[in-house]
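Q: sharing a model prediction with you, sequence too.
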Amino acid sequence: MDQQVPIVRRLAEDVVNRIAAGEVIQRPANALKELLENSLDAKSTNIQVTLKNGGLKLLQIQDNGTGIRTEDLGIVCERFTTSKLEQFEDLTKISTYGFRGEALASISHVAHLTITTKTNGALCAYKASYKDGKLKAPPKPCAGNVGTIITVEDLFHNIATRKKSMKSYNEEHLKVVEVVSRYAIHNPLVGFTIKKLGESLTEIKTNQDSTHIDNIQAIFGSTISKDLLEVNDYCNILKVKIKGYVSNPNFSVKKQIFILFINNRLVDSQGLRKAVDQIYSIYLAKGSHPFIYLSLNLDPLNVDVNVHPTKHEVHFLHEDKVIDKVIDAIQDKLSGANTSRTFYTQT
Ligand code: ADP
Ligand code: MG
């Protein structure tokens, strides 16, 4: 009996790129995170985000960073083109968010991407549109400020299944707002705004040169700020710096607010989330949870940021011990908070 043996073929480059793009850019909030990180890498001090339909119709980010050199506009959206990494060894001491040179490329494979950019000292700005990593036409001179505007339109227009899996514009919108808020809290020296296209009111606005607390207050309201404890600890053995703000036992929310940055990257850690909830369960009523904003700085040699293209997950050495140390630091503050509460009532 003749059996058909499948033929092995090489995938066409655009198919490979679109598959890879789908991995990096899963929803508008991922795209926005990449773009925000690029703006921060470009040393921006002001970042403005504009959205339409949860970012699916329009996702625009304007910054006042270094801009992109006109001569680089031709390759900037190709895969693996970056100004941030030259050799693999540099990864161990990388201080920028980006290094893979994949974000702009990925976005250009799943959306209409336009870059308007001006560098300091340039006579004018340049505007360029991209499709599948390539310039659609030579960049055009135009008016503009120093910095970069990245406009992403019709995200997932060419991936029907992905588009369908987006449940609601509102859900995507809130996810984008969440990412911007978190970066705003972590980067108080940078001013952030976010608004819907066509609306004059900003949804979130933080000022340049503010503090972590100012921004927590701007985003989560003023009631929380009086119930925050500052955590500031260093462990010599693990070489970990622990900083942040956590709520005291007077404050609680229905769902834990957990904001974690490791070496300035927004990440998640189920282990730490759970451990945190466990210590707060001593202080809070059942079903009540704390607000947590933590920034951990680990020796870059102990962190592997290159686990996944979204960089959402980072791996680090001695994870359990680090978590224990963080919990100790919070516990110290919480037990101190109890005594200071008594103190307040006495005066
Ligand atoms: P990566 O950030 O990993 O280098 P990206 O695809 O995100 O890769 O960006 C490619 C390059 O485009 C960056 O290395 C940077 O030189 C440039 N770039 C992207 N966004 C900006 C921006 N907002 N301001 C200045 N340069 C930018
Ligand atoms: Mg990047």
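A: Noted; the coordinates are in hand. In this text, all values refer to a predicted model and were calculated from it rather than measured experimentally. Numbering: from 1, shown residues only. Ligands and ions are numbered 1, 2, ... in the order given.
Q: D154 and ligand 1, how far apart?
A: When distance is defined by C-beta to the nearest ligand atom, to the nearest Å, D154 is 19 Å away from ligand 1. (Each C-beta comes from the backbone N, C-alpha and C, glycine too.)
Q: you'd agree that residue is up against A111?
A: Yes. If you go by C-beta atoms under 8 Å, D154 and A111 touch, sitting 5.9 Å apart.
Q: any regions of the chain where pLDDT drops low?
A: Low-confidence segments of the chain (pLDDT under 70): 1-2, 305-314, 337-347.
Q: ligand 1 contacts on that one?
A: With C-beta under 6 Å from any ligand atom as the criterion, the chain comes near ligand 1 at residues 34, 38-39, 42, 63, 65-68, 76, 82-84, 98-105, 148.
Q: sort out for me which of those residues are in helices.
A: 34, 38-39, 103-105 (DSSP state H).
Q: same list, these, but as CSV with neighbour count please.
A: Below are those laid out as CSV (neighbours: other C-beta atoms under 10 Å):
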residue, neighbour count
E34, 25
N38, 22
S39, 28
A103, 25
L104, 25
A105, 25
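Q: contact partners for the closest residue in space to N232 that isn't next to it in sequence?
A: Using C-beta to C-beta, 6 or more residues apart in numbering and skipping the chain neighbours, the partner closest in space to N232 is K243 (5.4 Å). Listed by C-beta atoms under 8 Å, 6 or more residues apart in numbering, the contact set of K243 reads 231-233, 294-297.
Q: repeat the analysis, applying 10 Å as the threshold.
A: For K243, the contact set (C-beta atoms under 10 Å, 6 or more residues apart in numbering) comprises 212, 230-234, 261, 293-297, 329.
Q: does it belong to a helix or a strand, and which?
A: strand 240-247 (DSSP states H and E).
Q: identify each buried residue in that strand, please.
A: Across strand 240-247, burial judged by 16 or more other C-beta atoms under 10 Å covers 240, 242-247.
Q: what pairs with that strand, and is each one parallel or antiparallel?
A: strand 228-235 (antiparallel), strand 291-298 (antiparallel) (DSSP bridges).
Q: ok now whichever helix or strand comes after it, how far from the chain's centre?
A: Downstream of strand 240-247, the first helix or strand assigned by DSSP H and E is strand 257-262. Distance, stretch centre to chain centre, for strand 257-262: 11 Å (C-alpha atoms, centre = their mean, to the nearest Å).
Q: beyond strand 257-262, next helix or strand please.
A: Heading C-terminal from strand 257-262 (DSSP H and E), you reach strand 265-267.
Q: so S129 bridges to which residues?
A: Beta-bridge partners recorded for S129 (DSSP bridges): T114.
Q: right, and it touches A111 too?
A: No. Assessed by C-beta atoms under 10 Å, S129 is found out of contact with A111, at 11.2 Å.
Q: now do the shared contacts for those two.
A: In terms of C-beta under 10 Å, 6+ apart, S129 and A111 are both contacted by the residues 151, 153.
Q: so which of those two has more stuff around it?
A: A111 (27 against 18; other C-beta atoms under 10 Å).
Q: I'd say the more buried one and N30 touch.
A: No. Applying C-beta under 10 Å, one finds A111 not in contact with N30, separated by 11.9 Å.
Q: what is in contact with the two at once?
A: Joint contacts of A111 and N30 (C-beta under 10 Å, 6+ apart) are G55.
Q: burial count for L334?
A: Neighbourhood size, L334 [other C-beta under 10 Å]: 19.
Q: again, but for V5
A: 6.
Q: same check, this time on R69
A: Quick note: R69 (other C-beta under 10 Å) scores 13 neighbours.
Q: that one and S83 touch, don't they?
A: Yes. With contact defined as C-beta under 10 Å, R69 reaches S83; the gap is 8.8 Å.
Q: overlap in contacts, those two.
A: Common neighbours of R69 and S83 (C-beta under 10 Å, 6+ apart) are V76.
Q: OK, contacts around V146?
A: 63-67, 117-122, 125.
Q: again, only this time at 8 Å
A: With C-beta under 8 Å, 6+ apart, V146 has these contacts: 64, 67, 118-120, 122.
Q: for L59, name its beta-bridge partners.
A: Under the criterion used (DSSP bridges), L59 bridges to L51, V152.
Q: so it makes contact with N30?
A: No. With contacts counted by C-beta under 8 Å, L59 stays clear of N30, the gap being 10.6 Å.
Q: tell me which of the two has more neighbours.
A: Shown here are L59 and N30; by other C-beta under 10 Å, L59 has more neighbours (28 against 22).
Q: now do that one against A29, distance only.
A: Per C-beta to C-beta, to the nearest Å, L59 is found 9 Å from A29.
Q: shared neighbours of those two, anything?
A: With C-beta under 8 Å, 6+ apart, L59 and A29 have common neighbours V176.
Q: give the helix, strand or coil label for the residue nearest to G191 when sequence neighbours are not counted.
A: Leaving aside its sequence neighbours, G191 sits nearest to Q208 (C-beta to C-beta, 6+ apart; 3.9 Å). Three-state call for Q208 (DSSP: H, G, I helix; E, B strand; the rest coil): coil.
Q: residues contacting Q208?
A: Counting by C-beta under 8 Å, 6+ apart, Q208 has contacts 45-46, 189-191.
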